[in-house]
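Asker: my questions concern the predicted model and sequence given below.
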Amino acid sequence: MNMSAVYVGATVGQSKFKDACTGLTAGVSCDDQDTAWRILAGYQFNPNFAAELGYHNLGETKASGGGVNASIKATAWELVGLGILPLGNQFGVYGKLGVHHSEAKLNSNVGVTGEDSGNGLTFGAGVQFNVMPALGLRAEWQRYRNLGGESDNGDVDVISIGGIWRFR
C-alpha cells in the first residue's frame, strides 16, 4: 500500500435506509434496503493518505399500503479523505471521513412527489488488498448522515465491494 498515484474505481453493494420503516402504521409494507453503486476518482498522496471524489447511487426505499405505493430514491456526491494503515505491501485498512451533497426524490402512485437536497457528513472504514501494483480490491462500510440535508430523513449505510485502478 506504499504507492502514490491517481486512481479510478467502482463499488457495488447494499444500502440500508436507517429508520425508513420506523413508525409506519399496521398493514404498510416497507423495504429499506436496495442495491447501491459508486464511481470514484482519487489520488493517494503517500502510503497513509488519499483523497477521493465520488458519485454514489444509494438506491431507494419503498413503502406500500392501502393502494398507495411510495418510494424515495437517493444519490450523493462525496469528497472524502482516507487515512490508511498499510499492513505489508499488499494489504491495508482505512478509515474515511468527508462531506456529501445528496438528493432524495419522493415518488408515489397518487401524485405526491417531493425533493430534498443538502449537505452532510459521511464516514466509513474498509480493507484493501492490492492484487497487483495497479489493481486494488476493497470491502467497506460507509454511512451518509442527514440524507438530503434533512436530519429527519435519517442516515443511509452502505456495505460494498469494489476495486480501484491506479494510473502510474
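Answerer: Received it, and whenever you're ready, just let me know what you need.
Asker: report the separation between residue 68 and residue 115.
Answerer: 19 Å (C-beta to C-beta, to the nearest Å). (Each C-beta comes from the backbone N, C-alpha and C, glycine too.)
Asker: and the spatially closest residue to residue 91 that is not a sequence neighbour, which helix or strand is it part of?
Answerer: Of all residues not flanking residue 91 in the chain, residue 129 sits nearest, at 5.4 Å (C-beta to C-beta, 6 or more residues apart in numbering). Residue 129 belongs to strand 114-132 when assigned by DSSP states H and E.
Asker: pLDDT wise, what is residue 130 at?
Answerer: Note for residue 130: predicted pLDDT of 94.
Asker: oops, could you answer that again for residue 19 instead?
Answerer: 75.
Asker: circling back: whatever helix or strand comes next after the strand holding residue 129 pairs with which strands?
Answerer: For strand 114-132, the succeeding helix or strand toward the C-terminus, using DSSP H and E, is strand 135-144. Sheet pairing of strand 135-144 (DSSP bridges) gives strand 114-132 (antiparallel), strand 156-167 (antiparallel).
Asker: highest mean neighbour count out of those strands?
Answerer: strand 156-167 (a mean of 18; mean count of other C-beta atoms under 10 Å).
Asker: where does pLDDT dip in the protein?
Answerer: Scanning the chain for pLDDT under 70 picks out 1-4, 148-153.
Asker: nearest to residue 10 among the strands paired with strand 135-144 would be which one?
Answerer: Of all the strands paired with strand 135-144, strand 156-167 sits nearest to residue 10, with 5.4 Å by C-beta to C-beta.
Asker: what's that closest one in contact with?
Answerer: 3, 5-18, 36, 38, 40, 42, 44, 56, 58, 74, 124, 128, 133-144, 147 (C-beta atoms under 8 Å, 6 or more residues apart in numbering).
Asker: picking up where we left off before, and the strands paired with strand 135-144 as TSV, adding distance to residue 28?
Answerer: Shown next, in TSV, are the strands paired with strand 135-144 (distance: least, C-beta to C-beta, whole Å):
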stretch	distance to residue 28
strand 114-132	18
strand 156-167	20
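Asker: in stretch 47-59, which residues are buried?
Answerer: Residues of stretch 47-59 classed as buried under the neighbour-count rule (16 or more other C-beta atoms under 10 Å) are 50, 52, 54, 56, 57, 58, 59.
Asker: which strand or helix spans the last one?
Answerer: For residue 59, the enclosing helix or strand under DSSP H and E is strand 49-65.
Asker: what's the nearest residue to residue 29 if we skip its chain neighbours?
Answerer: residue 64 (5.5 Å).
Asker: pull the contacting residues for that neighbour.
Answerer: Contacts of residue 64 by C-beta under 8 Å, 6+ apart are 28, 29, 70.
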